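Engineer: A predicted structure for the sequence below; I have some questions about it.
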Amino acid sequence: MPLSNSQLKHLQKLTHHLKPVISIGQNGITDNVLNELDIALNHHELVKIKIAGEDRDARQAMIQQLCDQTSAEKIQAIGKTLTLFRRNPEKPKIQF
């Protein structure tokens, strides 16, 4: 579901106070990382992720892979910090 500009801005405002709940280290995106991210997205809907690594292109590839494999929307990517959103269809937490 593509988000409108006003929805994106609202979610970006909500991300400021969040702490990263997922960290992706030198092993990259593993099944365990994807499983934890899926659980976090179901519970919180809006999740901040810290990605290790100095290579910008590799981080961009990881971001795309995370979005594709979790069906989440990228809200914001600043430096090594990424914020993803996926609405919980059964119990939505964030209201627009």
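Structural biologist: Sure, I can see it.
Engineer: and residue 77, helix, strand or coil?
Structural biologist: strand (DSSP: H, G, I helix; E, B strand; the rest coil).
Engineer: Would you mind measuring the gap between the ends of stretch 82-93?
Structural biologist: By Cα to Cα, to the nearest Å, the extent of stretch 82-93 from end to end equals 20 Å.
Engineer: what's the answer for stretch 81-96, then?
Structural biologist: 24 Å.
Engineer: Same question for stretch 24-38.
Structural biologist: 14 Å.
Engineer: ok, now stretch 81-92?
Structural biologist: First-to-last distance for stretch 81-92 - Cα to Cα - comes to 24 Å.
Engineer: which residues of this structure fall in helices?
Structural biologist: 5-15, 31-44, 56-70 (DSSP state H).
Engineer: got the CA positions of the longest one in CSV?
Structural biologist: These are the backbone C-alpha positions of helix 56-70, laid out as CSV (Å, rounded to 0.1, in the frame of the first residue of the first chain):
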residue,chain,number,x,y,z
ARG,A,56,26.6,3.0,1.0
ASP,A,57,25.7,0.8,-1.9
ALA,A,58,25.7,-2.3,0.2
ARG,A,59,23.4,-0.6,2.8
GLN,A,60,21.0,0.5,0.0
ALA,A,61,20.9,-3.1,-1.2
MET,A,62,20.1,-4.3,2.3
ILE,A,63,17.4,-1.7,2.6
GLN,A,64,15.8,-2.9,-0.6
GLN,A,65,16.1,-6.5,0.5
LEU,A,66,14.5,-5.8,3.8
CYS,A,67,11.6,-3.9,2.2
ASP,A,68,11.0,-6.7,-0.4
GLN,A,69,11.2,-9.6,2.1
THR,A,70,9.0,-8.0,4.8
